[in-house]
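Pasting the sequence and the predicted coordinates here, then a few questions.
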Amino acid sequence: MDQLDTLLAAAPQRIQSAPDLDALKDVENDLLGRKSIIAESRRSLGSLPAEERPVVGAQLNEAHQRLSALIRERRTDLERAVEDGLLLEDRVDITLPARELGRGWHHLITQTLDEVADIFVTLGYQVVTGPEVDTAWHNFDALNTPPTHPSRLESDTMYVEYGNPDDELLLRTQTSTMQVRYMEQHDPPVYVVAPGRCYRTDTLDATHSPVFHQIEGLAVDENITMADLKGTLAYFMREFLGPERRIRLLPHFFPFTEPSAEMHVSCFNCDGSGCRVCSGSGWIELLGCGVVDPHVLEAVGYDSSGYSGFAFGVGAERLAMVRHGINHIKHFFENDMRVLRQFT
Ligand code: DAH
């Protein structure tokens, strides 16, 4: 019992000063474990005179409970300290300024297509889009392009081996497909622009890429003439390139228009006097256009004696290059932020 008293006297201090959970475990083992004085005393209770046993037994129990309670308390404290330490380590200073997420913007090509579409929307046109994989009918036949036309060769057009071979599926080479698709579904009058991606078997150079974008325009109504085409294109160019620009139409050939023309715009860099940008001519070739060939109207079931139309197709890359003085088409596809950031 003397030993027990000494033990009990020293125990609170030992328990309290256990620096961590492992140390406390050792102290607990010492005080209450199988080899502790309390445990050994309990085991030897049997050797005591019968009348002493309950008294000593009760003292041992009481000592055991007291020590257990102290250990439990200390353990709770130590556990809380561990948890506090973890929380402290995980602490986030919410008063720090947030890391700014860069704000995105549309790619210059998307901006260009949107802007052209908007110009035509103000003229009452609708914006339509369609598939990039299309049939030879939509891309060529209905557009009055004969089976022997060189643009149909694989050296120009990428064909897709899928579905019915008679469909001659291909990656559309022009957004002119949308002329056909729209007119097949709608009666005149028609005023639509069709922005979208096109594909050709072109090798990348400064002005060509196998993937590029066009925006197609089509107007079909009663009494549409070349004059309507010219007025519309002049308005388009004034809006897109500024009021100083002049346009001219030069005779050209496209299977789906008759007459066909190439539209030139006065050079934005030298205003027509001739410079490096326009190769000295004062003019920049920008797009193809013309009066819709009656064959095209008939291919979609329109009455070509009652209706006429004009159409044009313009490359978005070309428009952006001319407007911003961009000297290589690759800049649109390389995603170099130093380039793209200039057009937010
Ligand atoms: N589709 C022609 C091309 O990709 C461009 C074009 C020319 C479209 C004349 C037209 C047009 O609608 O009338 O080269």
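Done, it's in.

per-residue confidence at Gly325?
Per-residue pLDDT puts Gly325 at 85.

gap between the two ends of stretch 276-294?
40 Å (Cα to Cα, to the nearest Å).

Repeat that for stretch 198-208.
12 Å.

Show me what it is in contact with.
Residues outside stretch 198-208 that contact it (Cβ atoms under 8 Å, 6 or more residues apart in numbering): 132, 154-158, 171-175, 209-214, 317-318, 321, 327-330. To be clear about C-beta, it is placed using only N, CA and C from the backbone, and glycine gets the same treatment.

gap between it and the chain center?
In terms of Cα atoms, centre = their mean, to the nearest Å, the gap separating the centre of stretch 198-208 from the centre of its chain is 24 Å.

Show me which residues of the protein sit near the ligand.
Applying Cβ under 6 Å from any ligand atom, one finds that the chain approaches the ligand through 174, 176, 216, 254, 256-257, 288-290, 311-313.

okay if I get those as CSV plus secondary structure and neighbour count?
Shown next, in CSV, are the residues of the chain next to the ligand (DSSP: H, G, I helix; E, B strand; the rest coil; neighbours: other Cβ atoms under 10 Å):
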residue, secondary structure, neighbour count
Gln174, coil, 23
Ser176, coil, 29
Glu216, strand, 23
Phe254, strand, 22
Phe256, coil, 23
Thr257, strand, 25
Gly288, strand, 22
Cys289, strand, 25
Gly290, strand, 25
Ala311, strand, 26
Phe312, strand, 24
Gly313, strand, 23
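
Take these and lay them out in TSV including pLDDT.
Converted to TSV, the residues of the chain next to the ligand look like this (pLDDT from 0 to 100):
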residue	pLDDT
Gln174	98
Ser176	98
Glu216	98
Phe254	97
Phe256	98
Thr257	98
Gly288	98
Cys289	98
Gly290	98
Ala311	98
Phe312	98
Gly313	98
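
And these, which is closest to Glu239?
If you rank the residues of the chain next to the ligand by distance to Glu239 using Cβ to Cβ, Phe312 comes first, at 14.5 Å.

Nearest residue to the closest one in space, ignoring adjacent ones along the chain?
Cys289 (3.5 Å; Cβ to Cβ, 6 or more residues apart in numbering).

Run through the residues that contact that neighbour.
So, once contact is read as Cβ under 8 Å, 6+ apart, Cys289 ends up touching 229, 233, 249, 257, 260-263, 310-313.

Same check on Ile215?
113, 116-117, 175, 193-196, 313-314, 316.

How about Gln16?
By Cβ under 8 Å, 6+ apart, the neighbours of Gln16 are 70, 74.

now it: how far from the ligand?
Distance, Gln16 to the ligand, using Cβ to the nearest ligand atom, to the nearest Å: 88 Å.

Secondary structure of that residue: a helix, I assume?
Yes - the assignment for Gln16 by DSSP: H, G, I helix; E, B strand; the rest coil puts it in a helix.

tell me the mean pLDDT for whichever helix or strand Leu233 is part of?
According to DSSP states H and E, Leu233 maps onto helix 226-241. Here helix 226-241 scores 96 as its mean pLDDT.

what's next to it, contact-wise?
By Cβ under 8 Å, 6+ apart, helix 226-241 touches 115-116, 119-120, 123, 217, 219, 245, 247, 249, 259, 261, 263, 265, 268, 286-287, 289-291, 310, 312, 319, 322-323.

Out of those residues, which sit inside strands?
Members of these lying in strands (criterion: DSSP state E): 217, 219, 247, 249, 259, 261, 263, 265, 286-287, 289-291, 310, 312.

Filter the residues you listed down to the buried ones, ChimeraX style.
Command for ChimeraX that selects the buried part of these, burial taken from 16 or more other Cβ atoms under 10 Å:
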select :217,219,247,249,261,263,265,286,287,289,290,291,310,312
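
Which stretches in the stretch 101-250 of the chain count as strands?
Secondary structure of the stretch 101-250 of the chain by DSSP state E, counting those that start in this stretch: the strands cover 126-127, 133-134, 170-171, 190-199, 211-221, 247-254.

ok so, going back, so can I have JSON lines of the residues of the chain next to the ligand showing distance to Glu83?
Shown next, in JSON lines, are the residues of the chain next to the ligand (distance: Cβ to Cβ, whole Å):
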{"residue": "Gln174", "distance to Glu83": "68"}
{"residue": "Ser176", "distance to Glu83": "70"}
{"residue": "Glu216", "distance to Glu83": "67"}
{"residue": "Phe254", "distance to Glu83": "77"}
{"residue": "Phe256", "distance to Glu83": "77"}
{"residue": "Thr257", "distance to Glu83": "79"}
{"residue": "Gly288", "distance to Glu83": "74"}
{"residue": "Cys289", "distance to Glu83": "75"}
{"residue": "Gly290", "distance to Glu83": "79"}
{"residue": "Ala311", "distance to Glu83": "74"}
{"residue": "Phe312", "distance to Glu83": "72"}
{"residue": "Gly313", "distance to Glu83": "69"}
